[in-house]
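Visitor: give me a model of this one.
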Amino acid sequence: MTAIDLPRPNWMSEDHAILADAALKFFETEFAGKADEWEKAGMVERSAWEKTGEAGLLCAAMPEEYGGAGGTFAHEAVITHALGMAGLDSFGIALHSAIVAPYILHFGTEEQKQRWLPKLATGELIGAIAMTEPGAGSDLQGVRTSAKKDGNGYVIDGQKTFITNGQHANLIVLVTKTDPSAGAKGVSLFVVETDEVEGFRRGRNLDKVGLKGNDTSELFFDGVRVPADSLLGTEEGQGFAQLMTELPQERLLVAVQGIAMIERALDITIGYTKERKAFGKPILEFQNTQFTLAEAKTEATIARVFVDHCIERLVAGNLDTVTASMAKYWVTDLQCKIVDDCLQLHGGYGYMDEYPISRMFRDARVQRIYAGTNEIMKVLIARSL
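Guide: As a prediction, the model looks like this:
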């Protein structure tokens with residue numbers, strides 16, 4: 001039972017509910033106390049990936065013939081929500097399972113699916129997607145990383161930055177330009193197995209405001225030679241269309257992460273205000289505390305209903321870019337607001353790292369930036385007016 005009291009949504013079956021309970025129990029049991037260790041280390045240990053793969057919690061939406069559990073995005077949403085409720089926001093399995101793997105499933109050849117998806121499902125391969133560059137963020141047509149045809153393969157040159165899972169990832173979906181003169185039609189995606197190539201190197205593990213337990217890195221491609229079958233799909237120039245097809249799911253995934261943190265922040269804060277006393281009584285008895293939490297619970301409930309609506313539409317195959325953009329921007333703005341209000345109710349203790357709300361405050365901020373900034377989300381929504 002969480003602070004948000006809603007009936008089970010239409011998309012959630014009994015199997016999903018069982019998975020939610022099992023995933024939360026797994027994360028809380030297997031990785032108890034790990035959030036602090038990961039933050040100090042700057043990354044999640046590789047064994048955690050393998051352990052999660054063994055538990056069947058990686059690539060749950062991938063078909064069984066490719067090593068997955070044969071589920072849908074609803075299963076990934078359940079796992080992602082459980083991860084957030086366990087306070088393990090730095091563990092980059094959501095990106096690995098619900099962003100990287102679907103690119104291969106939806107656009108890869110049969111041989112590519114057979115080669116990469118089973119290893120992603122076990123954690124033998126850790127996935128990342130490399131879009132952002134020092135000079136190109138939300139404007140994906142502005143990427144400068146090049147992939148030039150050379151004999152029976154391609155030579156890749158360029159630099160990426162802010163790449164989640166960047167220190168661990170050994171399978172990277174890479175956004176490149178195969179024809180710089182063709183605009184969007186010159187963008188192609190390549191799948192690079194970093195253990196198999198020369199000329200690839202990782203830069204520093206970037207020091208961030210939050211999500212310090214997640215390895216976020218610069219990546220360099222200096223004359224990296226890859227075979228022709230590293231091109232995702234069978235034709236050059238399909239990359240931009242592939243990206244646009246998958247971005248609604250990525251943005252909804254960010255909204256699911258936001259809802260999980262909102263719920264956890266409310267649970268923790270309600271508990272704290274019941275125990276913490278001021279002027280001889282619990283601070284939950286003060287009207288300001290009650291009104292603040294009443295507003296937060298109301299807004300969180302509205303957000304959860306909207307996200308559930310979006311999950312149902314995505315599973316049905318009809319979630320559009322505009323609606324996904326609404327979910328991403330509005331939920332992450334709300335996430336930052338509610339977490340900030342919850343920290344305020346903790347008083348000085350909320351500013352101390354030993355209290356979980358302080359980490360949530362830091363970790364929440366990036367949600368309004370990655371997967372397309374919230375300003376870009378508004379631009380996309382405005383085009384529908």
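
Visitor: where do the helices of this structure begin and end?
Guide: Ranges of helices in the chain, per DSSP state H, are 14-30, 34-41, 46-54, 73-85, 93-95, 101-107, 110-122, 239-275, 287-316, 321-345, 356-364, 374-382.

Visitor: tell me which of these sits nearest to residue 215.
Guide: helix 34-41 (9.1 Å; Cβ to Cβ). No exception for glycine: its C-beta is placed from N, CA and C like everyone else's.

Visitor: give the other helices and strands that that closest one contacts.
Guide: Contact analysis of helix 34-41 by 3 or more Cβ pairs under 8 Å, 6 or more residues apart in numbering; DSSP states H and E lists no helix or strand as a packing neighbour.

Visitor: where are the low-confidence patches of the stretch 101-250 of the chain?
Guide: For the stretch 101-250 of the chain, the stretches flagged by pLDDT under 70 are 137.

Visitor: now do the strands in it.
Guide: 127-130, 146-150, 153-164, 171-177, 187-193, 200-205, 216-227 (DSSP state E, counting those that start in this stretch).

Visitor: so what's residue 362 closest to, chain neighbours aside?
Guide: The shortest distance from residue 362 to any non-neighbouring residue, by Cβ to Cβ, 6 or more residues apart in numbering, is to residue 210 (3.3 Å).

Visitor: quick check: the gap between residue 113 and residue 8.
Guide: 33 Å (Cβ to Cβ, to the nearest Å).

Visitor: what do you get for residue 358?
Guide: 32 Å.

Visitor: same question, residue 285
Guide: Distance from residue 285 to residue 8, by Cβ to Cβ: 32 Å.

Visitor: check the spatially most central residue of the chain and give its pLDDT.
Guide: By Cα atoms, centre = their mean, the chain has its centre lying nearest to residue 95, at 4.3 Å. We have a pLDDT of 97 for residue 95.

Visitor: thought it was touching residue 165?
Guide: Yes: assessed by Cβ atoms under 8 Å, residue 95 is found in contact with residue 165 at 6.5 Å.

Visitor: mutual contacts of these two, please.
Guide: 127, 128 (Cβ atoms under 8 Å, 6 or more residues apart in numbering).

Visitor: which of the strands of the stretch 101-250 of the chain sits closest to residue 244?
Guide: Judged by Cβ to Cβ, the one of these that comes nearest to residue 244 is strand 187-193, at 10.2 Å.

Visitor: walk me through the domains of this protein.
Guide: The chain breaks down into these domains under automatic domain parsing: 14-125, 128-237, 243-382.

Visitor: so which of the helices of the chain comes closest to residue 139?
Guide: For residue 139, the closest of the helices of the chain is helix 374-382, at 8.7 Å, according to Cβ to Cβ.

Visitor: ok, now how distant is the nearest residue to residue 216 once chain neighbours are set aside from residue 276?
Guide: Of all residues not flanking residue 216 in the chain, residue 206 sits nearest, at 4.8 Å (Cβ to Cβ, 6+ apart). Distance from residue 206 to residue 276, counting by Cβ to Cβ: 36 Å.

Visitor: with residue 150 instead?
Guide: Residue 150 is 65 Å from residue 276, by Cβ to Cβ.

Visitor: for those two, indicate the residue with more neighbours.
Guide: Using other Cβ atoms under 10 Å, the more surrounded residue of residue 150 and residue 276 is residue 276, with 16 against 13.

Visitor: list the residues that contact the more buried one.
Guide: Residue 276 is in contact with 282, 283, 346, 347, counting by Cβ under 8 Å, 6+ apart.

Visitor: where's it relative to residue 360, distance?
Guide: Counting by Cβ to Cβ - residue 276 and residue 360 are separated by 18 Å.

Visitor: who does residue 187 form a beta bridge with?
Guide: residue 177 (DSSP bridges).

Visitor: that one - how many residues pack around it?
Guide: Considering only other Cβ under 10 Å, residue 187 is surrounded by 25 other residues.

Visitor: before we move on, what about the one 3 residues further on?
Guide: By other Cβ under 10 Å, 22 other residues sit near residue 190.

Visitor: let's have the domains of the chain in CSV, adding distance to residue 3.
Guide: Converted to CSV, the domains of the chain look like this (distance: least, Cβ to Cβ, whole Å):
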stretch, distance to residue 3
domain 14-125, 11
domain 128-237, 22
domain 243-382, 4
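
Visitor: residue 2: which of the ones you listed is closest?
Guide: domain 243-382 (4.8 Å).

Visitor: and the spatially most distant residue from the centre of the chain, backbone torsions?
Guide: Relative to the centre of the chain, the most outlying C-alpha is that of residue 280, 43.2 Å out, by Cα atoms, centre = their mean. When read as degrees, to the nearest 10, the backbone of residue 280 gives phi 90, psi 10.

Visitor: from residue 353, how far out is it?
Guide: For residue 280, the distance to residue 353 equals 29 Å [Cβ to Cβ].

Visitor: then residue 284?
Guide: 24 Å.

Visitor: okay, the two: which has more neighbours?
Guide: Higher neighbour count among residue 284 and residue 353: residue 284, with 18 against 10, using other Cβ under 10 Å.

Visitor: surely the more buried one touches residue 294?
Guide: No: contact criterion Cβ under 8 Å: residue 284 and residue 294 do not qualify, at 11.1 Å.

Visitor: for the closest residue in space to residue 130 that isn't next to it in sequence, what are its contacts?
Guide: The spatially closest residue to residue 130, leaving aside those adjacent along the chain, is residue 160, at 4.1 Å (Cβ to Cβ, 6+ apart). Going by Cβ under 8 Å, 6+ apart, residue 160 touches 130, 131, 132, 133, 145, 174, 218, 219, 221.

Visitor: okay if I get those as JSON lines plus neighbour count and distance to residue 42?
Guide: JSON lines is the format used below for the contacts of residue 160 (neighbours: other Cβ atoms under 10 Å; distance: Cβ to Cβ, whole Å):
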{"residue": "130", "neighbour count": "27", "distance to residue 42": "19"}
{"residue": "131", "neighbour count": "22", "distance to residue 42": "22"}
{"residue": "132", "neighbour count": "18", "distance to residue 42": "19"}
{"residue": "133", "neighbour count": "21", "distance to residue 42": "22"}
{"residue": "145", "neighbour count": "20", "distance to residue 42": "25"}
{"residue": "174", "neighbour count": "28", "distance to residue 42": "23"}
{"residue": "218", "neighbour count": "18", "distance to residue 42": "14"}
{"residue": "219", "neighbour count": "25", "distance to residue 42": "16"}
{"residue": "221", "neighbour count": "26", "distance to residue 42": "23"}
